[in-house]
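**Q** Here is my input; please provide its structure:
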Amino acid sequence: MGAVVRLGWLEIKLFLREPVTVAFALALPLVLLFILGGVFGNEPPAPGEEIVWRGVGAMTYYVPAYVVLVVTSVCLISIPTHLAGNRERGVLRRYQASAMSPLTVAGAELLVALAISSVSVLIMLAAAAVAYDFQWPASPLPTIAVYLCIVAGYTAIGLLLSAVVPTARAAQAAGLILWFVMMLVGGAGPPEEVLTGAMRVISTATPMIHTVRMIHEPWLDLDPGRSWAVFGLISVLSLTLALRLFRWE
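**A** Down below sits the predicted model:
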């Protein structure tokens, strides 16, 4: 455990030397949140109107959804790019020479993801609180527990992505594509009620729609359906494959 913490602290310092990935993790979800807030406001559907945003106001829906979006931006773009860059620069090879295991590296990246995501989420929530009147979590402690599970699951997905792409540039491109697709159809863009046909099928296949439903459960007291089981399976498979396919160089 001590090795994981020490490596995690080192990785956080190395991560902060990459300003583009840090800025992306901090800025883009915040910009998108304010764009959607300016378009939709936070009025819940009136009686007789079509039910969208699961029956709550738009910003009440989107703020917890954008907590998930922040985590995905860190874990699917920043972490794989950083880890692949470490492989290109020979940093991972030096870790291997120090008798570190892939599991130790995975634990360190989880600490990085948790630290950067948490700072980004706090900034986003503070900005949203100034601008909008939205509903805060109905059950704060369960919400934090769900958040931790989401960070762990997306870190596993990010580790898998970094294991199968050859370079930092390729990791960044693949992460961006996945991020934008999930943002558009995974519950953080157009409300899932308006998706039809193929878009609904793609939405259900993305982890984001399930994690949005998961965080809505303690935050807004909404039913997550089978999302816990689906995301749990995705996370376990991702971690298993990431450790099996992990490359030091």
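**Q** Nearest the geometric middle of this structure, what residue?
**A** The chain has T72 as the residue nearest its centroid, 2.1 Å off, counting by C-alpha atoms, centre = their mean.
**Q** so it sits right up against W179, yeah?
**A** Yes: at 5.9 Å, T72 counts as touching W179 under the criterion of C-beta atoms under 8 Å. For every residue, glycine as well, the C-beta is placed using N, CA and C.
**Q** In terms of helices and strands, where is the residue found closest to P142 once you drop the neighbours it is linked to in the chain?
**A** Nearest non-adjacent residue to P142, counting by C-beta to C-beta, 6 or more residues apart in numbering: P218, 3.8 Å away. Per DSSP states H and E: P218 is located in helix 207-220.
**Q** what about the helices in this structure?
**A** According to DSSP state H, the chain carries its helices in the segments 2-15, 19-40, 58-73, 79-88, 91-97, 102-131, 140-164, 168-185, 197-205, 207-220, 227-245.
**Q** what mean pLDDT does the last one have?
**A** Per-residue pLDDT values across helix 227-245 average out to 93.
**Q** and T240, what is it in contact with?
**A** Residues counted as contacts of T240 (C-beta atoms under 8 Å, 6 or more residues apart in numbering): none.
**Q** That one and G186: what is the separation?
**A** For T240, the distance to G186 (C-beta to C-beta, to the nearest Å) stands at 23 Å.
**Q** now P102
**A** For P102, the distance to G186 - C-beta to C-beta - is 28 Å.
**Q** Which one of the two is surrounded by more residues?
**A** Remark: of P102 and G186, G186 carries more neighbours, 27 against 19, as counted by other C-beta atoms under 10 Å.
**Q** Skipping its backbone neighbours, what lies nearest that one in space?
**A** Spatially, and ignoring its direct neighbours in sequence, G186 is nearest to M208 (3.0 Å; C-beta to C-beta, 6+ apart).
**Q** what's the weakest-modelled helix or strand in the chain?
**A** Taking mean pLDDT, DSSP states H and E as the measure, the helix or strand of the chain with the lowest value is helix 19-40, at a mean of 70.
**Q** what mean pLDDT does the helix holding P218 have?
**A** On average, the pLDDT along helix 207-220 is 92.
**Q** got it, and stretch 120-135?
**A** Stretch 120-135 comes out at a mean pLDDT of 84.
**Q** And the contacts of it?
**A** Outside stretch 120-135, the residues touching it (C-beta under 8 Å, 6+ apart) are 25-26, 29-30, 33-34, 37, 42, 56-57, 59-60, 63, 66-67, 70-71, 73-74, 147, 219-220.
**Q** same thing with stretch 143-154?
**A** Outside stretch 143-154, the residues touching it (C-beta under 8 Å, 6+ apart) are 64, 67-68, 71-72, 74-76, 110, 113-114, 117, 121, 137, 207, 211, 214-215, 217-219, 231-232, 234-235, 238.
**Q** if you set the cut-off to 7 Å instead, what comes out?
**A** Defining contact as C-beta atoms under 7 Å, 6 or more residues apart in numbering, one finds that stretch 143-154 is touched by 67-68, 71-72, 75-76, 110, 113-114, 117, 137, 211, 214-215, 218-219, 231, 234-235.
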